[in-house]
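1. my questions are about this predicted structure, shown below with the sequence.
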Amino acid sequence: MNMKYLVSIILLLAAFVVSADEMTVQIPLDASTINFDEAGIYTIITGTGMGLMGVEGDPSLPQFTARIALPTGCAATGMEVVNAVYTTVRGSFTVVPATAPVPLSVEQEIYPVEPNPEIYGSATPYPLRPVSFEGSSVIMGIPVAYVRVFPVRWNPASRTVEILSDLTLNVTYETSPEASTVFTRSIQSELRSQEIVMNSVVNPDAVSASGAVIVDSKLLAYGEYVIITYPDYESYAQELADWKTSKGIPTNVYTTTWIQSQYTCVDLQQEIRAFLTDCITEGAEYVLIYGDDNRIAGRDSRISYSSYTEYPPVDLYFADINDTAPGADLWNSNGNSIWGEYGIDNVDYHPDLWVGRASVNTTGECTIFNDKVFDYERVTITDYFDTAPIELRIGYTTEMLWPGCYGSAGAELISNFVPSSAWEEEKCYDSAGTNNVTITRNMINDGPHHLYHASHGSQTSFSLPGGSYTTSDFMNQTNISGGGLPAIWNSISCLIGHFDGYECMADAWLNAPNGGGFGAFNARYGWGNPSSPGYGLSEILSRYFYDVMWNDDLYNLGVAHAMGNDEMSPPSSDIEDWCVKEYNLFGDPELPMWFLDADILSASHPATISGAGNVTVTVTNSSDAPVSGARVCLQKGNWQTGEVYEVGTTNGSGSVTLYVNPTTTGTVSVVAWARDHISYQGSLTVAGVGVEEGGNPVFVNSTGAVYPSPAMSIATIPFSLAAAGTARVDVYDVAGRIVTTLAAEEMAAGQHNLVWNLEDSSGSVIPSGVYHVRIVTADWTGTTNLVVTR
């Protein structure tokens, strides 16, 4: 076990006192999202953006997962319904019985389902309860509870349907060491994680801090992004790491050889998991597995349903790490070396890291993968967004799955999420007679941003009307060389992500030299539902990606993939477990997806500096308007051991001030990044270091812009002191009343960053408003401001 991890756990437990409390939460509901469709004697009831409940023969009704934010360091222990109000729908209905899931690529007879007589002959509403408690977990260190909501109930005797219009819950919780998973992280990482959870829970105002100690990025042990690589590919992985680091995501590369030298477990996969357990505690967010399965094997995990049992490679094993210590592998909690047994092993499913894979087998494929990331992120205004015939587009390619059941049904459900004002759609549908191999090839080569695919498949091909689409077709795509960007593919098809033992379709899409891109693919069978087209489990899982991407505004590829899967987690059945585990991401998890036509960033900053001091960078767009929330990174040398590595976020005026202390002359890179903007890449020159021979660095008194501002749960106050001495830092409200004292102590000369949890001196959360920060020393007083929003 890593000794630092052990000491941290001991200290945490020593200070840990269990306390319990409760909170009231209202689940948002909208009756207009419930849909009714007639199917013979039955009525099909679905919910927009929802899945379906019911085992075979039981009524098929909509359900969805709701996440509830919890206080820092807490885990939910239970839930009770405070209020549940239903509205009766006019009419008489017989709800269609659920059918058993069917493998998409297995030919078999589809028979009508007999309704379960115990339910269909009952006078008791189904389901009995409007909600079920599904446990507690953390998402990137932020504690969250899960409930499954059933917004429709049906009375078989009266044939009445009622829609839930109000649901209020009382959630009980207690402090738990298992809810404190991140010990140290950067402010950027903390704010990103909080924002993701805020966008994903029903009570965003209650999202709490992770409880981690906030440190400068350069003090992180492993970085915010970890690339695990096969040794032969280390230099290529480092090239990718250098780009991520330069734009303010500090990234380190670790070889499998190094990991094996540091950890001793049953196999490489478990040693990687043990290493990542340490990475989580030290503030890592993103993980890229840089190698194909024959270089860095995925964890072969058991998935089973009906007569089918498989052991596909599951990269969720590297993302869901709720182990109590490195090597304490809860995916094999019973110790029988069969990993991920549903209902037996303690699989948590929820993301602790954002994980993707570069399934590269050669150095040439490493170059292709890196170039795809660079092409996507470092696009220039002239080579794509000015010349593309349609700037933002999603394409669909589908065929008939079973007689009368078409893949286009799932595509149409995704189409409901597409922002019509900014995106165009190209629908290649067998059901409309508008699809074949040539049509799909041309649609891909025209350069859409996203692609959804629904057809039958195998390891090295999938079917389309009139023929097959093979790995050769993927390898010959020209959507990138033709002027487009790498496209992001999501598929329900069987086996096309079977990257263990095959050069599969997913490999070809990732490694195509002139086209293709990134995507998510099934390692084994995908699953459909012939009686409810569009609502097969694999269709629902793929749809969740687009749902969270657009509706929850999750723009990083790995975040949207993992949080989409999290909509089906924890799985309520072994077949849901199958679907979640086998659906792997092939691509860079940090990749920031384009949502709008790109604007271009400009930045103003000093061209030359001499020695230590503050550097102010002001970021603007093509209209010379300030860009708030842009990430600015100054770097000279290695991010951990070099002279300069500072990361900050621009304020409402588009400015950020960063303190630097270079020790040699040379060049400092300046990179500014913002969503849906083309990054600014510039530099400034260090003409002198301001240190006489044998002397010390020269510091100045100054304040920087508080970030973020507006702040919601945490704020960082940067300032520098010219000399060591006593410093006092107070916060005042607009009436001049002191709110709290953040520091009154001896401080060293140089840069300081105080993190404030936005609580007053009594520990109460402060209200929204403008606050003033005053720093006072013996010979200087500095002030800065921030805005708090609730």
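-> That came through, no problem. Numbers count the residues shown, from 1 in each chain.

2. can you map out the strands along the stretch 501-650 of the chain?
-> Under the criterion DSSP state E, counting those that start in this stretch, strands of the stretch 501-650 of the chain are mapped to 517-522, 527-528, 583-586, 599-600, 602-604, 608-610, 613-620, 631-636, 644-649.

3. would a markdown table of those with mean neighbour count, mean pLDDT and distance to Thr741 be doable?
-> Using the backbone N, CA and C atoms, a C-beta is placed for each residue, glycine as well. Converted to a markdown table, these look like this (neighbours: other Cβ atoms under 10 Å; pLDDT from 0 to 100; distance: least, Cβ to Cβ, whole Å):
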| stretch | mean neighbour count | mean pLDDT | distance to Thr741 |
| --- | --- | --- | --- |
| strand 517-522 | 27 | 99 | 49 |
| strand 527-528 | 28 | 96 | 59 |
| strand 583-586 | 28 | 99 | 46 |
| strand 599-600 | 16 | 93 | 42 |
| strand 602-604 | 17 | 97 | 36 |
| strand 608-610 | 15 | 95 | 33 |
| strand 613-620 | 21 | 95 | 25 |
| strand 631-636 | 25 | 98 | 30 |
| strand 644-649 | 24 | 95 | 25 |
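
4. including distance to Gly704, could the ones you listed go into CSV?
-> Listed next are the strands of the stretch 501-650 of the chain as CSV, based on distance: least, Cβ to Cβ, whole Å:
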stretch, distance to Gly704
strand 517-522, 37
strand 527-528, 53
strand 583-586, 37
strand 599-600, 26
strand 602-604, 16
strand 608-610, 16
strand 613-620, 7
strand 631-636, 12
strand 644-649, 8
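
5. out of those, nearest to Ser455?
-> Among these, strand 527-528 comes nearest to Ser455, with 10.9 Å by Cβ to Cβ.

6. which other helices and strands does the closest one contact?
-> strand 102-103, helix 537-551, helix 574-582 (3 or more Cβ pairs under 8 Å, 6 or more residues apart in numbering; DSSP states H and E).

7. could you find the closest non-adjacent residue to Met747?
-> Ala727 (4.5 Å; Cβ to Cβ, 6 or more residues apart in numbering).

8. following the lowest-mean-pLDDT helix or strand in the chain, which helix or strand comes up?
-> Least confident element among the helices and strands of the chain, by mean pLDDT, DSSP states H and E: helix 3-14 (a mean of 40). The helix or strand immediately downstream of helix 3-14 is strand 20-27, counting by DSSP states H and E.

9. quick one: buried residues of that following strand?
-> Met23, Val25, Ile27 (16 or more other Cβ atoms under 10 Å).

10. and what of stretch 476-496?
-> Buried, per 16+ other Cβ under 10 Å, within stretch 476-496: 476-480, 484-496.

11. kindly report the same for stretch 30-47.
-> Ile34, Tyr42, Thr43, Ile44, Ile45, Thr46, Gly47.

12. the strand or helix carrying Val729 - what's its average pLDDT?
-> Per DSSP H and E, Val729 falls inside strand 725-732. For strand 725-732, the mean per-residue pLDDT is 94.
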